[in-house]
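Enquirer: I'll drop the sequence and a predicted model, then ask my questions.
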Amino acid sequence: MTVSRSHCVVAVVDDEFIIAEGLTLQLEDLGLTVCGTAANADDAVALAQAKRPALVLMDVRLEGEKDGVDAAIAIHETVGSKVIFVTGSREPATMARIQLDHPAGVLFKPISDHQLKQAIDAALAS
């Protein structure tokens, strides 16, 4: 199922407030509706279950014991949202961990508007 970008609801998960806010502004500039933000895995899962976003932008490293991959797997299993991972790390261990979930994409910080739009368009088209 594809979702038009104008009706897409996106959740943003990042434990750095300024990054979450920046991504929210980028998404809104692309015409997307952001249903909320979360800073840790448990809050991310709760947000996804409450708002049922079509797409989640998920930072890999989050505050707390669980990381973004843990949250993404739980969201995938309970909500079915597509997840685009956002990370500052290109380490093989991080990339292998991301592949445990079925990522709709991976973006490396800092993220340009063009990269974000391409990743979202690809995720929503699949």
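Expert: Sure, I can see it. Note that the structure is predicted; figures quoted are calculated from it, not measured.

Enquirer: so what's the backbone phi/psi at Ser112?
Expert: When quoted as degrees, to the nearest 10, the phi and psi of Ser112 stand at phi -80, psi 160.

Enquirer: May I have the predicted confidence score for it?
Expert: Ser112 carries a pLDDT value of 93.

Enquirer: Neighbours of it, how many?
Expert: Per other CB atoms under 10 Å, the neighbour tally for Ser112 reads 10. In this view, the C-beta of every residue, glycine as well, is placed from N, C-alpha and C.

Enquirer: three-state assignment of the most centrally placed residue in the chain?
Expert: In the chain, the residue lying closest to the centroid (CA atoms, centre = their mean) is Leu57, at 1.4 Å. On the three-state scheme (DSSP: H, G, I helix; E, B strand; the rest coil), Leu57 is labelled strand.

Enquirer: From Gly64, how far off is the nearest residue to it once chain neighbours are set aside?
Expert: Leaving out its chain neighbours, the residue that sits closest to Leu57 by CB to CB, 6 or more residues apart in numbering is Val12, at 5.0 Å. Plainly put, Val12 is 17 Å away from Gly64 if you go by CB to CB, to the nearest Å.

Enquirer: Helices of this structure, start to end?
Expert: For the chain, the helices defined by DSSP state H cover 17-29, 41-51, 68-78, 92-98, 113-125.

Enquirer: and the ones you listed, which one's lowest on average pLDDT?
Expert: When I compare the helices of the chain, helix 92-98 is least confident, with a mean of 91.

Enquirer: just to revisit the earlier point, what about Val12 and Gly64, which has more around it?
Expert: More crowded of Val12 and Gly64, by other CB under 10 Å: Val12, with 27 against 13.

Enquirer: In this structure that one contacts Leu32, no?
Expert: No. Using CB atoms under 8 Å, Val12 is not in contact with Leu32; the gap is 10.3 Å.

Enquirer: Which of the residues in stretch 49-63 are classified as buried?
Expert: Lys51, Pro53, Ala54, Leu55, Val56, Leu57, Met58, Asp59, Val60, Leu62 (16 or more other CB atoms under 10 Å).
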